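Asks: Make a model of this:
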Amino acid sequence: GLVIAPNIEVAEYMADLLEIMDGERPALVHSQLANAEARIAAFRNTNKRWIVSVAMISEGVDIKRLRVLAYLPSAQTELSFRQAMGRVVRTMGNDDYSRAYVVMPTHRIFEEYARRVEAEMSLKARKEGIKKASKICPACGNSCALTA
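Replies: Modelled structure (predicted):
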């Protein structure tokens, strides 16, 4: 999962919460930490479950296994929303029926952006996931139940 935080203080707080809830310290990246790019690359190549970021994971950053986004941004533009969604709405190929989940504040503008993104999806893409009984895990590549 990916948490996009609005500032360093909230990012550190979210990392602390995730460590308490999940039992594992998430990767944390922001502009005040040395080697942020190396930290992102290290996360990409590990089995760590969460990364918390302040404006470090956006367009051009590809971590295919991300499937959950907690979106708590400072920017409220449609472009930043779409770029954040693009981090988790990825496909691993034709046999990938995994689902992405986005948790975001209940703001009218975010809900409108989400409706626009959904409307742009093809009807076939929206319905196919319902018919399938299994999906390909983005982390390990194995087939598992859609509910896993």
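Asks: need the strands for the chain, in chain order.
Replies: If DSSP state E is used as the criterion, the strands of the chain fall at 2-4, 27-29, 51-53, 68-71, 101-103, 134-136, 143-145.
Asks: so of these, which one's packed in deepest?
Replies: Mean neighbour counts were compared across the strands of the chain using mean count of other Cβ atoms under 10 Å; the top stretch is strand 51-53, at a mean of 27. Any C-beta I mention is one placed from the backbone N, CA and C, and that applies to glycine too.
Asks: Packing partners of that one?
Replies: strand 2-4, helix 8-22, strand 27-29 (3 or more Cβ pairs under 8 Å, 6 or more residues apart in numbering; DSSP states H and E).
Asks: per-residue confidence averaged over the second one?
Replies: Looking back up the chat, that one is helix 8-22. Averaged across helix 8-22, pLDDT comes to 95.
Asks: Counting by contacts, list what that helix packs against.
Replies: Helix 8-22 makes packing contacts with strand 2-4, strand 27-29, strand 51-53 when contacts are defined by 3+ Cβ pairs under 8 Å, 6+ apart.
Asks: rerun at 7 Å
Replies: strand 51-53 (3 or more Cβ pairs under 7 Å, 6 or more residues apart in numbering; DSSP states H and E).
Asks: Walk me through which strands the strand it packs on pairs with, and which way each runs.
Replies: Each strand that strand 51-53 pairs with, and the sense of that pairing, follows from DSSP bridges: strand 2-4 (parallel), strand 27-29 (parallel).
Asks: for the ones you listed, which one sits closest to residue 74?
Replies: Across the strands paired with strand 51-53, the minimum distance to residue 74, taken as Cβ to Cβ, is reached by strand 2-4, at 9.4 Å.
Asks: Give me the contact list for the closest one.
Replies: Around strand 2-4, the neighbours that count as contacts under Cβ atoms under 7 Å, 6 or more residues apart in numbering are 14, 50-53, 57, 66, 68-73, 84, 87-88.
Asks: quick one: least confident of those?
Replies: residue 57 (80).
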